[in-house]
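>>> model the structure of this input:
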Amino acid sequence: MALLNDEQVMLRDMAREWVDNESPTTAFRKVRDAGTAFDAASKDAQAEMGWFGITVPEEHGGSAFGFLSLGLVLEQIGRNLVASPLAASAVVASVLAEAGGEAAGEWLPKLANGEVIGTLAVDEGPNHDPAALSTKVIDGKLTGDKAFVAEGDAAGVFLVAATDGLYLVADGEGVSKSTRRMADSRSHAAVSFKDAPAIRLGGPELTARAVDLATAAATAEMLGMAESAFAQTLDYLKQRVQFGQVLSTFQALQHRMAKMFTELQLMRSAVEGALEAIDAGRSDVDQAVSLAKAIGGDTLKLVSREMVQLFGGVGMTDEYDAGLYLKRAAVLEAMWGNSAYHRDRFGRLNGY
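Numbers count the residues shown, from 1 in each chain. Predicted structure coming up:
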């Protein structure tokens, strides 16, 4: 486990308390049933607590707590499936802070206080492939289609990957959105850009950096989901009686739970390792992120599917939360590359 300082411990505990008291899974169900991207009051509360400014420098209204601190909050959000644009917006803020320039001065304060939601638009096809880009910029005007943009419905600013680098595009002129209905009932959109005014932030290396940050943020949420799914399954086995015995007394089920527990410890080590690598500015951030996503994807898939199986017939019903975790897991596993993609990437980065 990562060694946390006092401020990080307080941030984690505050986030856990708020999520449990103010945003249980019943709150997500309300958002899902209403067909909205997220609850505006919940988002405003997160902004007031300073979560949207965690990765923003202090001179732009943030706290500059770093990516590990952001991960601690995202982990708690994942535990209760909180519908929040925090991950996407914080990644945009991080990239803008690194890029600097006038765009950073204009947008970072708005991102820090939650006034504007930011998101990253990269993939143009059904699978994650940052190398397969056709989006182009001519005379400062960006044109292209992005097939899968998380939080695209509510975003006010986009970081868009083009063939020659990463660009900032504000929602408005030349931007059109089409909501995509995904299994997890979260905010996703297909976004088309037609001669949209664009500001160049950096080359392909900045695009790769942005994708790594977004991937690391996703693994933090995945960790919280896996931990919560495991805990709920364990609690259920301790109270469910079958054939006159509590299910947790069956050795076969104990073995399955033990396997999940050990995989979760490995996942936590990999995810926190990636977050710490980002904060430390290490040269192997790309490897650490791919390792975390590969292990995290496999572990969340295991735990979410076991949750449904071990809950039995009721696990297939909407009355229980097992299906909600399974659906969100399926989307996060594919987002920014699945386990197979990142195992292959990890091998290539190491010369294999």
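
>>> show me the strands in the chain, by range?
118-121, 136-138, 141-150, 157-162, 165-170, 175-179, 188-197, 199-202, 241-242, 245-246 (DSSP state E).

>>> got these as a markdown table, with mean pLDDT columns?
As requested, these are exported to a markdown table (pLDDT from 0 to 100):
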| stretch | mean pLDDT |
| --- | --- |
| strand 118-121 | 98 |
| strand 136-138 | 98 |
| strand 141-150 | 97 |
| strand 157-162 | 98 |
| strand 165-170 | 98 |
| strand 175-179 | 97 |
| strand 188-197 | 98 |
| strand 199-202 | 98 |
| strand 241-242 | 90 |
| strand 245-246 | 95 |
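
>>> most tightly surrounded among those strands?
strand 118-121 (a mean of 28; mean count of other C-beta atoms under 10 Å). In short, each C-beta sits where N, CA and C put it, glycine included.

>>> next, the contact list for the closest residue to Ala47 other than its chain neighbours, please.
Sequence neighbours aside, Gly114 is the residue nearest to Ala47 in space, at 2.8 Å (criterion: C-beta to C-beta, 6 or more residues apart in numbering). Applying C-beta atoms under 8 Å, 6 or more residues apart in numbering to Gly114 gives the contacts 43-44, 46-47, 52, 89.

>>> now restrict these to buried residues only.
Neighbour-count burial (16 or more other C-beta atoms under 10 Å) is assigned, among those, to 43, 46-47, 52, 89.

>>> among the residues you listed, name the ones in helices.
43, 46-47, 89 (DSSP state H).

>>> return the member of these nearest to Ile77.
Gln46 (8.6 Å; C-beta to C-beta).

>>> from Ala83, how far off is that closest one?
Noted for Gln46: a distance of 11 Å to Ala83, by C-beta to C-beta, to the nearest Å.

>>> related to what we said a few turns ago, closest to Glu22 among the buried ones among the contacts of Gly114?
Gln46 (9.7 Å).

>>> contacts only, for the closest one.
Here Gln46 is in contact with 52, 84, 86, 114 (C-beta under 8 Å, 6+ apart).

>>> looking at these, which is nearest Met182?
Nearest to Met182 among these, with distances taken as C-beta to C-beta, is Ser84, at 15.8 Å.

>>> tell me if I'm right that the closest one and Val73 touch.
No. Shown here, Ser84 and Val73 do not form a contact pair, counting by C-beta atoms under 8 Å, at 9.4 Å.

>>> what is the neighbour count of the closest residue to Phe261 other than its chain neighbours?
Of all residues not flanking Phe261 in the chain, Phe230 sits nearest, at 7.1 Å (C-beta to C-beta, 6+ apart). Residue crowding around Phe230 was assessed by other C-beta atoms under 10 Å; the count is 21.

>>> per-residue confidence for Phe230?
On pLDDT, Phe230 comes in at 98.

>>> repeat for Tyr352
pLDDT, read off for Tyr352, is 89.

>>> what number of residues lie near it?
Neighbour tally, Tyr352, other C-beta under 10 Å: 7.
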